[in-house]
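Peer 1: Quick one: sequence and predicted model below, then my questions.
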Amino acid sequence: MNELSALVDLLNKKNKLLMLASIITCILSVAFGIIPYFGVFGIVSEFLKDYSEPTVLFKYVIAITIAIILKHLLHGTSTKISHRVAYQTLGETRKKMFKKISSLPMGYVKTTASGEIKTMIMDHTEQLETFYAHNIPEVISGLVIPICMEIAVFNLNRRVGFITLIPVALFFISSAIMIVVQIRKIDDYNNSVADLNANTIEYTHGMKELKIFAADDATYDNFSKSIRNYSEMIIQWFKSCLGYVAFNHADLTANLVFLFPLGGLMFLNQGLTAASFIMFLFMGLAMLIPLEKIADNLDYIGVNASVAKKIVDLLNEEELPDTGVEKSLKGYDIKFDNVDFSYNQDSKILDNVTFTAKEKTVTALVGVSGSGKSTLASLIYRFWDVSQGQISMGGIPLKEMSLSQLMNSTSFVTQGNFLFKKTIRENIMLGNQGATEEEMIEASKSAVCHDFISKLPHGYDTIVDKETKLSGGEKQRITIARAILKKAPVVILDEATAYIDPDNEDLLQKALAKLSENKTVLVIAHRLSSIKNADSIIVLENGKVITQGTHEVLIQDCKAYQSMWDAFNQSDNWKMGGSAS
């Protein structure tokens, strides 16, 4: 099955060899674990004789003792190796997943719930430890013991061998069916877990708003629904496996039901010696005890197989094509040529968009919400690739440039102000890790954030966390300092001042002005006053460019722009209790 083979696919060549060594060591452990049963058989046989040789009994005791010691030593070695393989595989798998996600279109991350990604990287991957570290040695030993003992019983007495084979065969048939049933349901289970995690994170992040607005029960419908779906899925899963679990436990205790009366009848008919009869009773019980370990691990095998399949599917996702070739650019004009884009085949987000943002000029994108402004900016960064048409920089199509060249040529400042839980210095230096301390401080001064950073208890060594009381405007200026330090010739500003209060707006505008000096700048803004002096303004409506020009031209000739400008002025002049007079 693909799900089971995925568990093997996650192991690298070295770990496959180590796992093989663990399995071989486990089998040897099992082999030594069988020896005591034959030792007991020998001792019982000696006692049933008219005269028992003490040296022979002593040899049996020594052999049993050595076998038990070697069994535990080899089992410990097998477990040690399997744990090493498990944690190495988990670490490598997480690294591969992080690397893979960084190579996927950014749209994948933006459209996939953070809870789902977290669940896959952390929770699902952690589940695999059980399989590699525990399931393999325990299941292998659980399989090898009854198989080896069954072979031994067949060699001693075929009729008894057939008797003991009945419950073993029934167990394997039932277990195989149960694994198939589990694998069929495991995708629904994993989806319900991911949905529950995503909704939990969403409602945790929105707890402040829920309390402020005194949310009623209806607000929690999605969360409640995800909990119900998860509960129903668990119940369905357990119900589907309950019959097989019950049968297996009954089957594993039923060996004496077959063996005792039939073996006893053979003994009475002199088909078995007393020693052999006792020996077969011991072996019949002993060969089924390891199968209980398999029964206990069956649930984990099905779950882990499905988890591994999802991880392998992620690792096989198509990456964003990267030529890896540095191109010689003829300037830094950004040109859209008949660009179409859609997230799916149902509807176009952008339709035949054509315009040029010229080098060292400011080009603004305006339009009502949903007109495609942010999507258009995201395409320049190749969060997605266009459906049709072409975007070029300096005369070179973006797809022909290496991703590293594209990233180094552009700075992207959004309305978000995400900072890592690192020092302020490290957050700013992300823009250019080869920059000097003096360059970093100069960028901070240009972004009008040096003064407030210097007043912090640890200055630039202050760690950004919940204890660091930075305002939204201060965080935004730190991100702008990072962009200034990058010194990229193309700057994209996506609603960079959307949520800034008036006290910070002037400082932020100064920082953005410094960032934009002698750059190709593409601006998206709802505050039309901030793009009034742009060299060119592109008006978007329903994903199409309806016109472009300067503010003076558009205010005269474009009704859509006139309407947006009037609406902006009304909102800008609005006061509590009515509009300004």
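Peer 2: Thanks, I have the structure now. Residues are numbered from 1 along each chain as shown.

Peer 1: What segments of the stretch 451-581 of the chain are strands?
Peer 2: For the stretch 451-581 of the chain, the strands defined by DSSP state E, counting those that start in this stretch cover 490-494, 520-524, 536-541, 544-549, 574-575, 578-579.

Peer 1: Also the chain?
Peer 2: 334-341, 350-357, 362-366, 388-393, 396-397, 410-414, 490-494, 520-524, 536-541, 544-549, 574-575, 578-579 (DSSP state E).

Peer 1: Mind putting those strands into CSV with mean neighbour count and mean pLDDT?
Peer 2: Using the backbone N, CA and C atoms, a C-beta is placed for each residue, glycine as well. CSV is the format used below for the strands of the chain (neighbours: other CB atoms under 10 Å; pLDDT from 0 to 100):
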stretch, mean neighbour count, mean pLDDT
strand 334-341, 18, 92
strand 350-357, 19, 91
strand 362-366, 24, 89
strand 388-393, 18, 92
strand 396-397, 16, 92
strand 410-414, 22, 83
strand 490-494, 24, 86
strand 520-524, 25, 88
strand 536-541, 22, 90
strand 544-549, 18, 90
strand 574-575, 10, 54
strand 578-579, 8, 48
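
Peer 1: what's the closest of those to residue 30?
Peer 2: Relative to residue 30, the nearest member of these by CB to CB is strand 410-414, separated by 59.1 Å.

Peer 1: Given the closest one, what are its sheet partners and their directions?
Peer 2: strand 490-494 (parallel) (DSSP bridges).

Peer 1: how's the protein carved up into domains?
Peer 2: 2-315, 334-421+479-573 (automatic domain parsing).

Peer 1: Would you convert those domains into TSV that also reports distance to residue 322?
Peer 2: What follows is the domains of the chain, written out as TSV (distance: least, CB to CB, whole Å):
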stretch	distance to residue 322
domain 2-315	8
domain 334-421+479-573	5
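
Peer 1: weakest of these in terms of mean pLDDT?
Peer 2: Across the domains of the chain, domain 2-315 has the smallest mean pLDDT, namely a mean of 79.

Peer 1: number of nearby residues for residue 203?
Peer 2: For residue 203, the count of nearby residues is 17 (other CB atoms under 10 Å).

Peer 1: For residue 154, give its distance to residue 147.
Peer 2: Using CB to CB, to the nearest Å, residue 154 is found at 11 Å from residue 147.

Peer 1: again, but for residue 456
Peer 2: Distance from residue 456 to residue 147, by CB to CB: 68 Å.

Peer 1: again, but for residue 102
Peer 2: Distance from residue 102 to residue 147, by CB to CB: 46 Å.

Peer 1: Counting neighbours around each, name which of the two comes out higher.
Peer 2: Comparing residue 102 with residue 147 by other CB under 10 Å, the one with more neighbours is residue 147, at 14 against 11.

Peer 1: That one: what's it in contact with?
Peer 2: Residues near residue 147 by CB atoms under 8 Å, 6 or more residues apart in numbering: none.

Peer 1: who's in contact with the nearest residue to residue 82 once chain neighbours are set aside?
Peer 2: Among residues not flanking residue 82 along the chain, residue 22 sits closest, at 4.4 Å (CB to CB, 6 or more residues apart in numbering). Residue 22 makes contacts with 78-79, 81-82, 85, 136-137, as judged by CB under 8 Å, 6+ apart.

Peer 1: can you check residue 37 too?
Peer 2: Applying CB under 8 Å, 6+ apart, the residues near residue 37 are 149, 279, 282-283, 286.

Peer 1: Redo those as a markdown table? Include neighbour count.
Peer 2: Output for those, formatted as a markdown table (neighbours: other CB atoms under 10 Å):
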| residue | neighbour count |
| --- | --- |
| 149 | 24 |
| 279 | 24 |
| 282 | 16 |
| 283 | 25 |
| 286 | 18 |
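
Peer 1: for these, which one is nearest residue 179?
Peer 2: For the contacts of residue 37, the minimum distance to residue 179 (CB to CB) is 23.4 Å, reached by residue 149.

Peer 1: how much space between that closest one and residue 297?
Peer 2: Relative to residue 297, and taking CB to CB, residue 149 is found at 20 Å.

Peer 1: same check, this time on residue 461
Peer 2: 50 Å.

Peer 1: higher neighbour count, those two?
Peer 2: residue 297 (20 against 12).

Peer 1: residue contacts, residue 488?
Peer 2: Taking CB under 8 Å, 6+ apart, one finds 408-411, 519 in contact with residue 488.

Peer 1: Could you work out the most separated pair of those residues?
Peer 2: That would be 408 and 519, which, of the contacts of residue 488, are the farthest apart (CB to CB) at 13.7 Å.

Peer 1: Pick out whichever of these two has more residues nearby.
Peer 2: For residue 408 and residue 519, the more surrounded residue by other CB under 10 Å is residue 519, and the numbers stand at 19 against 15.

Peer 1: all helices of the stretch 1-150 of the chain, in order?
Peer 2: 2-9, 13-47, 54-103, 106-111, 114-118, 125-129, 136-156 (DSSP state H, counting those that start in this stretch).

Peer 1: Let me know which of these is the nearest to residue 565.
Peer 2: Per CB to CB, nearest to residue 565 of these: helix 106-111, 30.8 Å.

Peer 1: quick one: which of the contacts of residue 22 is nearest residue 495?
Peer 2: Looking across these and measuring by CB to CB, the closest to residue 495 is residue 85, at 48.6 Å.

Peer 1: Verify the contact between that closest one and residue 17 for me.
Peer 2: No. Applying CB atoms under 8 Å, one finds residue 85 not in contact with residue 17, separated by 9.5 Å.

Peer 1: Residue 546 and residue 340: what is the separation?
Peer 2: 16 Å.

Peer 1: Name the residues that touch stretch 535-551?
Peer 2: By CB under 8 Å, 6+ apart, stretch 535-551 touches 348-355, 357-358, 361-368, 371-373, 376, 531-534, 554, 557-558, 560-561.
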